[in-house]
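**Q** mind folding the following:
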Amino acid sequence: MTLFKQIAFMLSAFLLIILATVLTLNFQNANKSIQARLYADAKNTASSLSLSLGSANGDVSMMSTMINANFDSGNYRLISLKDVDGALLYERKNEIEILDVPQWFLRTIIMTAPVASANVSAGWNQVGMLYVQSDISYAYTALYEILINLLVSFSVIAFVALSVLYGFLLILLKPLQKVQIQAEGVLKNKFIIQEKIPYTKEFKDVVLGMNCMVTKAKTMFDKGNEELKKQRELEYIDPATKLKNRKYLIHKLSEYLKIDANSKSGIDMMIGLSGVLQANETIGHKAVDTLFETIADIFTSHTSSHDNTIVARLTGTEFCIILPDCSPDDGMKLAKEIYDASCSAIDSAGLDTKTTYISIGVYSYNYKQRIGQVLSHADYALSQAKLHDQNIHLEHAEEIVELMDKEAWKKTINKALQSDNFAFASWNVMDSKTLQIAHHVLSISLHADNGETYSYGQFMASANQIGLSSKIYKNVINTMFKTPQKELAGTTCSFRLSYEYLTLEETYGELSTLFKYYALVLPFRLIVELPDKLARKNSKKTQLYKTLFEKYNIEIGIYEFIGESIDYTYLQDLRPAYIKAEASFFISQSDQRLSALRLITDTLGIVLIASSVMETQTLASLQAKDIFIIQGRVTEMLGIK
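**A** Numbering: from 1, shown residues only. The predicted model follows:
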């Protein structure tokens, strides 16, 4: 219960108790007053009527007429006249009680009308005794009307008093509400500075303290962000040509060489510039540097029409261009254009193209190869190009041996979609320091009609090529929420969604509908992993997903992180639970860059997770850099608590 509610409840209860006490006392006084009035009326009537009856000199008929006249003109229950021996001379009595009040009031309020008496005398002779009792129904009606009036009056007073109290508390505790918002922001790693300082000393001290703490956290984040930007330039950018360097190429190339890559093949173009020493002697170092910049611009401009291209400078005289989904024929055509443009640039610089020239090795790779294989084969193609008359040489990768052809995969996957034949498999993400499970990673497998079970790595690449990967994600997400695995109850699980699936127009609406009915009853805590490529765009769609996930207590994780963003404020906006990167990425980072990254993640409460940890030697290298949360085959070698 909030402080506002506690104070409001306490003061409201106190006020209502006071009002109820005053109301009860007023009602009791009114009750006593009415009962006293009943007796006084009866006594007055008995006294005055007894005098009138005395003038009748004992004539019963005359006295009865007088009694009738008084009874009919007043509110009486009983008027009775008895002689000196107690014999009844005459009596009028109202037998029927007509009470215009609720029964609960009659059962609650017990009221009795007293009987007043007076002597009736004719001169010195006593005629008898007169008894008078007022009508109780009149008293009940009057008392009920008093109660209603009291309740209305006190209800109005209570409403006005509580409204004033509520408004007063709102004004008094308004600074506290802002402090609460600020505190919730701190818990969610938001940097909220409260500009308006309250006048109340206690609130003022709290606000100033919170502002100071948030300012320090924001300063740390900004410092880490700026440092990471600078380190990005040093780590990933060649200072002379402004192209990407070898480290970036190796980290980024893993995105194209994986089982669920969107492109199954492409071109790795290795370019070597020969005769640089002679060029330095001929035109000078400065002119040669300008030539390198010109050639870099040629590489960039000629590849701009290709999506997801990487242009990198590997060494002082070698360059590499990665062209996903580029065919060997198109690659050779592009290599010829680059060669001709580069020769023209060399000639324009005043150099002899026979002594200073470029050689281009074109290698057609496939997604199943390792990074080292692609680079070594491309390097071999370059060495052959230097021996070739045209200075361009093409090498082909070995043909990929597929389990099935496209049509067979299409048929198998469509059947699996119709029959919901996709199942989940879970892998552990471990804290290698405490040997405890951090969370489970969910992967999917396909059960074919022929009894075979295909792993994610066996079918997803083909599914991407035939355009069925998004349908698979839609199917398994529905299965996850509608028929969740009971053995995962009470655990934390993560599930990776692809860039292509998340960028489909219909995906957001489908997830919104699914979450509305099933997210709140999901038996395990879910973390949805988004690709860094989508997260760092920080687009409107990304923010929509963030809001949707927060609404249903689903956290965000980021995968395929290589630190290539030019600004890391998107981490502050998304506030992911963790960042997941290849183990090789963390190991290759300089201490300065990793320290800058940690400054950001520690400020925002983000965990760093290393994936693809296959060997204990890799684990030791990660632990030396204080990276303890790991994912990979090595977790099977460690004991789990």
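
**Q** G372: neighbouring residues, count only.
**A** 9 (other C-beta atoms under 10 Å). All C-beta spots, glycine's among them, are computed from the backbone N, C-alpha and C.

**Q** which residues does the helix or strand where it lies contact?
**A** In the assignment (DSSP states H and E), G372 maps to helix 371-387. Defining contact as C-beta atoms under 8 Å, 6 or more residues apart in numbering, one finds that helix 371-387 is touched by 250, 253-254, 257, 268-272, 274, 318, 320, 359-363, 365, 369, 391-395, 397.

**Q** now, the residues you listed that are in helices?
**A** Taking DSSP state H as the definition of helices, the contacts of helix 371-387 contribute I250, L253.

**Q** in strands, which of the contacts of helix 371-387 fall?
**A** For the contacts of helix 371-387, the ones inside strands are 268-272, 274, 318, 320, 359-363, 365, 392-395, with DSSP state E as the criterion.

**Q** ok so, going back, hmm, which of the contacts of helix 371-387 are the buried ones?
**A** Buried members of the contacts of helix 371-387, counted by 16 or more other C-beta atoms under 10 Å: 250, 253-254, 257, 268-272, 318, 320, 359-363, 365, 369, 391-395, 397.

**Q** which stretches of the stretch 501-641 of the chain form helices?
**A** Secondary structure of the stretch 501-641 of the chain (DSSP state H, counting those that start in this stretch): helices located at 507-518, 532-535, 540-551, 569-574, 583-588, 591-604, 616-624.

**Q** of all those, which gets the most neighbours per residue?
**A** Mean neighbour counts were compared across these using mean count of other C-beta atoms under 10 Å; the top stretch is helix 532-535, at a mean of 22.

**Q** what about Q418, neighbour count?
**A** The number of residues packed near Q418 is 9, by other C-beta under 10 Å.

**Q** let's see the pLDDT reported for it.
**A** Per-residue confidence at Q418 stands at 87 (pLDDT).

**Q** before we move on, what about A596?
**A** On the pLDDT scale, A596 gets 87.

**Q** what's the local residue count around the closest residue to it other than its chain neighbours?
**A** On the basis of C-beta to C-beta, 6 or more residues apart in numbering, the spatially nearest residue to A596 that is not a chain neighbour turns out to be E227, at 3.8 Å. Using other C-beta under 10 Å, E227 is surrounded by 17 other residues.

**Q** look up how far Q177 lies from E227.
**A** E227 sits 36 Å away from Q177 when distances are taken as C-beta to C-beta, to the nearest Å.

**Q** the helix or strand harbouring V22: what's the following helix or strand?
**A** Here V22 sits within helix 3-54, counting by DSSP H and E. Beyond helix 3-54 in the direction of the C-terminus, DSSP H and E gives the next helix or strand as helix 60-73.

**Q** got the CA positions of that following helix in PDB?
**A** Extracted C-alpha coordinates of helix 60-73, given in PDB (Å, rounded to 0.1, in the frame of the first residue of the first chain):
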ATOM      1  CA  VAL A  60     -70.000   9.900  32.700                       C
ATOM      2  CA  SER A  61     -71.700  10.800  29.400                       C
ATOM      3  CA  MET A  62     -70.400  14.300  29.500                       C
ATOM      4  CA  MET A  63     -66.900  13.100  30.600                       C
ATOM      5  CA  SER A  64     -66.800  10.600  27.700                       C
ATOM      6  CA  THR A  65     -67.700  13.400  25.300                       C
ATOM      7  CA  MET A  66     -64.800  15.400  26.600                       C
ATOM      8  CA  ILE A  67     -62.400  12.400  26.400                       C
ATOM      9  CA  ASN A  68     -63.500  11.800  22.800                       C
ATOM     10  CA  ALA A  69     -62.900  15.400  21.800                       C
ATOM     11  CA  ASN A  70     -59.300  15.300  23.200                       C
ATOM     12  CA  PHE A  71     -58.500  11.900  21.800                       C
ATOM     13  CA  ASP A  72     -59.600  12.800  18.300                       C
ATOM     14  CA  SER A  73     -57.700  16.100  18.300                       C
END
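
**Q** how about that helix: buried residues?
**A** M63, S64, M66, I67, N70, F71.

**Q** what residues does that helix touch?
**A** Outside helix 60-73, the residues that touch it by C-beta under 8 Å, 6+ apart are 45, 49, 52-53, 56, 76, 79, 81, 89-90, 92, 120, 127.

**Q** what about 7 Å?
**A** By C-beta atoms under 7 Å, 6 or more residues apart in numbering, the list of residues contacting helix 60-73 from outside reads T45, L49, S52, L53, A56, I79, L81, L89, Y90, R92.

**Q** top of the residues you listed by neighbour count?
**A** L53 (28 neighbours).

**Q** I'd assumed A122 was in contact with that one.
**A** No: with the criterion set as C-beta atoms under 7 Å, L53 and A122 do not qualify as a contacting pair; they are 8.7 Å apart.

**Q** distance of I527 relative to E555?
**A** Taking C-beta to C-beta, one finds I527 at 5 Å from E555.

**Q** which of these two has more neighbours?
**A** Of the pair I527 and E555, I527 is the one with more neighbours under other C-beta under 10 Å, namely 22 against 18.

**Q** now the more buried one. Nearest residue, chain neighbours left out?
**A** The spatial neighbour of I527 that comes closest, neighbours along the chain excluded (C-beta to C-beta, 6+ apart), is S494 at 4.1 Å.

**Q** okay, S494: pLDDT?
**A** Here the pLDDT value assigned to S494 is 94.

**Q** following element in sequence after the helix or strand of the chain with the lowest mean pLDDT, please.
**A** The helix or strand of the chain with the lowest confidence, counting by mean pLDDT, DSSP states H and E, is helix 103-108 at a mean of 72. The C-terminal neighbour of helix 103-108 among helices and strands, as given by DSSP H and E, is strand 115-122.

**Q** what is that following strand packed up against?
**A** Helices and strands touching strand 115-122, by 3 or more C-beta pairs under 7 Å, 6 or more residues apart in numbering; DSSP states H and E, are helix 3-54, strand 125-134.

**Q** of all these, which lies closest to L165?
**A** Counting by C-beta to C-beta, L165 lies closest to helix 3-54 out of the helices and strands packed on strand 115-122; the figure is 5.7 Å.

**Q** quick one: the closest one to chain centroid distance?
**A** The gap between the average C-alpha position of helix 3-54 and the chain average comes to 57 Å, counting by C-alpha atoms, centre = their mean, to the nearest Å.
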